[in-house]
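# Using only what follows, build the 3D model:
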Amino acid sequence: MTGHKACGKLAHPHRTASPTIAAYLLVIFTALLMESSKRNVTVLSGCQGLLLINNSILITVNALAGYALAPNKAMATLPVTMYFIGSALSTIPISLLMKQVGRRAGFTLGALCAVVGSLVCAAAVYTKNFWMLCAGVLVLGVYFAAGQYYRFAAADTAPLDFKSKAISLVLAGGIVGGFIGPETSKLTIDLVAGHTYVGPYFSLMVYALLAVLLLRWLHIPPLSESERKESGRPLAVIARQPTFIIALLCAMICYGVMNLLMASAPLAMIARQHLFSDAAFVIQWHIVGMFAPSFVTGSLIRWFGLPQVMLAGVALNLVCVAIAISGAEVMNFWLAMLLLGVGWNFIFVGATALLTETYTPAERAKVQGVNDAAILITLVASSLASGALFSFQGSQAMNYYAVPVLALAGAAILWLAARRRPPQPA
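Sure thing, here's the model as predicted:
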């Protein structure tokens, strides 16, 4: 049985995008009737879902549109890279803006940038202009940068014993992106006759406008006047904390490895004669793997400990690499990408929870901004590396390069676990 035939059987349950979207929106808007603290988590989770719908559409389409338009096929993943460059350039300004004007205004600005960027991308694909596509995706990156603070907005307003749970519940909203995003890509891929890929970019605009609407229900108390003016400790002092170093290192590694292996997955599948629907199916389940565990990750951290859950994430990523190396059937891609997503979730939720231990309210804007800027720079580098390695060494080379980086993360987490272990009585 061929890879894409096997996938055909598995893919049947996902031909229900419209009912799924309707049910999702019904749940979200019904939950807005909750009391304020729970409503905020619900709103942020819903916004995370809409952001990840957009991300999964971009993951599925960007590299393929880039490959179709690029003057040099080695530049196929440049649109993916430009998305992260736009995010990296805007993440610190967005964080500082939120400190002054509030979370809701910053999140709304990000969603409006997605509306503009998606229209530019659609026009670029329609006119077959590669560089316009890169410019549009650059603007879309502002939305991703703003959306990175959804988890922090939940954590910063949650009680201490609920922080990891609040983070994981917000991230759990992303699971809908795993189903709705790729389905939207498949439904809209040929929406504009004779111009493949224009339709998915138009759909990005619709989802971003839904995010603007949903954010009307977000109510997070602004910082006090003194907190807005106070800068706290110098960043150099904060950055010397071992907890900060490990939180940042692990967040960079889990995102970098995930993006390195994921960004080229659709290209690798098409190169092996798998169908576009196969690639969409694999990305769909990768995103499910990234966010479905969030329903339990916070509880797992409370039960087993933060370092232990992060180590499990590293182990799952190593298993992903082994499966990817072992074959190139759709099932290999599917299982590898699924485990890559679950491993990412365990490491990233843990790293985010760790980071919240390192700053005061007055310091959070700059610490969160620097943290996410470093992550996004890693995403830029891994996107560039992904395209170049795929063109010159093939997709398997990336799997081998991921191993020592994951080993470094594992060693850092083991050191953290030893450091946090209570001293034994004499």
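
# need the strands for the stretch 301-426 of the chain, in chain order.
In the stretch 301-426 of the chain, no strands are defined using DSSP state E, counting those that start in this stretch.

# That should have said the stretch 51-200 of the chain, apologies.
Using DSSP E, counting those that start in this stretch, no strands are found in the stretch 51-200 of the chain.

# Could you point out which residue ranges in it have low pLDDT?
Applying pLDDT under 70 to the stretch 51-200 of the chain flags no residue at all.

# how does it look with 90?
Residue ranges of the stretch 51-200 of the chain with pLDDT under 90: 52, 55-64, 66-68, 70-81, 83-85, 88, 95-96, 99-102, 151-187, 189-197.

# can you map out the helices along it?
Under the criterion DSSP state H, counting those that start in this stretch, the stretch 51-200 of the chain contains helices at 78-101, 103-127, 130-147, 150-156, 163-172, 175-188, 198-214.

# Of those helices, which is nearest residue 397?
For the helices of the stretch 51-200 of the chain, proximity to residue 397 was assessed by Cβ to Cβ; helix 78-101 is nearest, at 17.9 Å. The C-beta positions use only the backbone N, C-alpha and C, and glycine is treated the same way.

# Only the buried residues of that closest one, if you could.
78-92, 94-95, 97-99 (16 or more other Cβ atoms under 10 Å).

# Likewise for stretch 170-189?
Counting neighbours by 16+ other Cβ under 10 Å, one finds that the buried residues in stretch 170-189 are 170-186, 188-189.

# The helices of the stretch 51-200 of the chain into CSV, with extra columns for distance to residue 420?
Below are the helices of the stretch 51-200 of the chain laid out as CSV (distance: least, Cβ to Cβ, whole Å):
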stretch, distance to residue 420
helix 78-101, 28
helix 103-127, 30
helix 130-147, 30
helix 150-156, 19
helix 163-172, 14
helix 175-188, 30
helix 198-214, 37
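
# just so I know, which of the ones you listed lies nearest residue 421?
helix 163-172 (18.9 Å).

# Who are the packing partners of that closest one?
Applying 3 or more Cβ pairs under 8 Å, 6 or more residues apart in numbering; DSSP states H and E, one finds that helix 163-172 contacts helix 36-69, helix 150-156, helix 294-304, helix 330-355.

# Please name whichever of these is nearest to residue 412.
With Cβ to Cβ as the measure, helix 330-355 is the member of these nearest residue 412 (10.3 Å).

# Run the angle between that closest one and helix 294-304 for me.
Put simply, helix 330-355 runs at 60 degrees to helix 294-304, going by axes from the mean of the first three to the mean of the last three Cα atoms, to 10 degrees.

# what residue ranges in the stretch 201-350 of the chain are flagged as low confidence?
217-233, 259-260, 262-288, 290-292, 294-299, 302, 327-328.

# Would you format the helices and strands packed on helix 163-172 as TSV with mean neighbour count and distance to residue 270 included?
Formatted as TSV, the helices and strands packed on helix 163-172 follow (neighbours: other Cβ atoms under 10 Å; distance: least, Cβ to Cβ, whole Å):
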stretch	mean neighbour count	distance to residue 270
helix 36-69	24	7
helix 150-156	24	32
helix 294-304	18	30
helix 330-355	25	11
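
# now the ones you listed as CSV including distance to residue 225?
As requested, those are exported to CSV (distance: least, Cβ to Cβ, whole Å):
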stretch, distance to residue 225
helix 36-69, 22
helix 150-156, 18
helix 294-304, 33
helix 330-355, 26
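
# Which one, of the ones you listed, ends up nearest to residue 258?
Taking the helices and strands packed on helix 163-172 one by one with Cβ to Cβ, helix 330-355 is closest: 4.6 Å.

# how far out from the middle of the chain is the closest one?
11 Å (Cα atoms, centre = their mean, to the nearest Å).

# Then stretch 77-86?
14 Å.

# returning to what we had before: of all the helices of the stretch 51-200 of the chain, which one comes closest to residue 240?
Among the helices of the stretch 51-200 of the chain, helix 78-101 comes nearest to residue 240, with 19.8 Å by Cβ to Cβ.

# Which stretches in the stretch 251-400 of the chain count as helices?
265-271, 276-291, 294-304, 306-326, 330-355, 364-392, 395-420.

# Residue 105 is nearest to which of those helices?
The nearest among the helices of the stretch 251-400 of the chain, by Cβ to Cβ, is helix 364-392 at 13.6 Å.

# Mind giving me the packing neighbours of the closest one?
Applying 3+ Cβ pairs under 8 Å, 6+ apart, one finds that helix 364-392 makes contact with helix 78-101, helix 150-156, helix 235-238, helix 242-263, helix 330-355, helix 395-420.

# Off-centre distance for the third one?
Here the centre of mass of C-alpha atoms in helix 235-238, compared against the chain's by Cα atoms, centre = their mean, lies 27 Å away.

# Now residue 241: closest residue in space, sequence neighbours ignored.
residue 358 (5.3 Å; Cβ to Cβ, 6 or more residues apart in numbering).
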